[in-house]
Structures are given as structure tokens and as C-alpha cells.
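Colleague: Following is a predicted model, sequence given first.
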Amino acid sequence: MQGKLVTSDIRLFAMAMCIAFLPATAYADWQAVETAKTYAIAGTSGAELYDSIGERGPLLGPKVRAIAHTDFKLTWTRKYEPQPDGACMITVNIPKLAITYTLPKPSAQLPASTRKSWQKFIAGVEAHERVHGGYIKDMVKEIEAVSVGFSVPDDPKCGKIRVELTKRLGEISNRERQKNSDFDRVEFSDGGNLQLLVLKLVREE
């Protein structure tokens, strides 16, 4: 599982919508590097800000934009070691994870009432995105637990193990995507947290 992967995001219009373990020394202490970046939006009222998000939010396809977006880059340092019995085992599996949150930011100074509504809105949006970030970190921990000490018999050249590992990692990744999708569905359902955040921003409540 290497390279840039993308997790779920907040969609503007979704409102209408056999494992062995080595000793602990085989595990490396690691921390995800989390950063937030912003994109500029125009407007001085809640409705104008939301309209600008619709025009400038991160593109998720040819026509679909998001309010905010979470993606990540995950790479691994792995060591595959042939064993005396002809098996191959993963003895080192160290992740390097970088998570990036993309959030909207007004380019103009806001009136006091709008600023108060905006602060509540963006705090809720960022909290939502950090749940997605938590799912990503949980996925990496699950991959780490499954991988270190994993072995495949009759694999002296350590080829079969890569195929089997890829299969298992695909299953873990699919579960992570489903968790994100389920979470977004609830958040944007009628009366859901994100739906209410948008409505309160537009109404400046």
C-alpha cells in the first residue's frame, strides 16, 4: 500500500444525497504528520461564503466540489526475510503517514455576527475531517498489526507473500472507505451534524 490515497470528504451536495506477532521491538513508534491547508473563499455573509465554497472548493471530479477534504500519503519500510523452513516472513513494517486537511478560509474580514457563525461552522467542519483522519490512522495501525510477523510457507523468494499481503491490505482499505462513507452519510442526513452546520452558517445563527 504505497503512494497517495484519498479518503472520504465532505460533499457540497450530499445533503440531497494466520497471523503471528514478533516481539514489541519489531514495531516502531510512529506518529502521523497532520497538516491543514486552506483555500480562499469570498464573501462577507454566511450565504456568500457558502456560495463561494461551491465555486472554489476542492474538485472531486469534473463537476463535484467539496466543502473540505482529507487525503493522505502512506509509505512503508518493509523487510521480507526468507526463513530456514522455506517460508517468507515480514520482520519490519514501519509506516510513514502524512495526512492533509484542506479547509475553506474567508479572504475578507467578516462582520461580527458572520464571524461568529463562521467560527462555529469551520470548527465543526474541521472536527468532521479529523474523524476521517482518525479512520486513516486506525487503518494504518491495523495494517501494521496484520503485517509484522506475517508469513507465507514455501516462499523462499518472497514473492507469494507480496501477493497475499496486497490482498489483505485491499480488504482493510475497503473497510476504511466504507467507514468514511457511512460517517458522511450520517453527517449529511436530514438533521445530521454537517447539514445543520451549513444551514446555521447560511442563516448566520
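Modeller: On my side now, so go ahead.

Colleague: Next, the closest residue in space to V152 that isn't next to it in sequence: phi, psi?
Modeller: In this structure, V152 finds its nearest non-sequential neighbour in I161, 4.2 Å apart by Cβ to Cβ, 6 or more residues apart in numbering. Glycine gets a C-beta too; all of them are placed from N, C-alpha and C. When read as degrees, to the nearest 10, the backbone of I161 gives phi -60, psi -30.

Colleague: The chain: helices as residue ranges?
Modeller: Residue ranges of the helices in the chain, as given by DSSP state H, are 46-56, 112-147, 160-187, 193-203.

Colleague: With mean pLDDT and distance to K105 as extra columns, can I get those helices in JSON lines?
Modeller: Shown next, in JSON lines, are the helices of the chain (pLDDT from 0 to 100; distance: least, Cβ to Cβ, whole Å):
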{"stretch": "helix 46-56", "mean pLDDT": "96", "distance to K105": "10"}
{"stretch": "helix 112-147", "mean pLDDT": "96", "distance to K105": "8"}
{"stretch": "helix 160-187", "mean pLDDT": "95", "distance to K105": "21"}
{"stretch": "helix 193-203", "mean pLDDT": "95", "distance to K105": "14"}
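
Colleague: re the thing from before, what count of nearby residues applies to the residue nearest to V152?
Modeller: Using other Cβ atoms under 10 Å, I161 has 22 neighbouring residues.

Colleague: and if you look at Q109?
Modeller: Q109 has 8 nearby residues by other Cβ under 10 Å.

Colleague: Determine the number of other residues adjacent to S173.
Modeller: 17.

Colleague: just checking, it touches M139?
Modeller: Yes: counting by Cβ atoms under 8 Å, M139 is a contact partner of S173 at 6.9 Å.

Colleague: how much space is there between E48 and I41?
Modeller: 9 Å (Cβ to Cβ, to the nearest Å).

Colleague: Tell me which of these two has more neighbours.
Modeller: I41 (21 against 16).

Colleague: give the contact list for that one.
Modeller: 49, 52-53, 56, 104-107 (Cβ atoms under 8 Å, 6 or more residues apart in numbering).

Colleague: try 6 Å
Modeller: The contact partners of I41, taken as Cβ atoms under 6 Å, 6 or more residues apart in numbering, are 49, 52-53, 56, 104, 106.

Colleague: so which pair among these is furthest apart in space?
Modeller: Farthest pair in the contacts of I41 (Cβ to Cβ) is R56 and P106. Separation: 11.3 Å.
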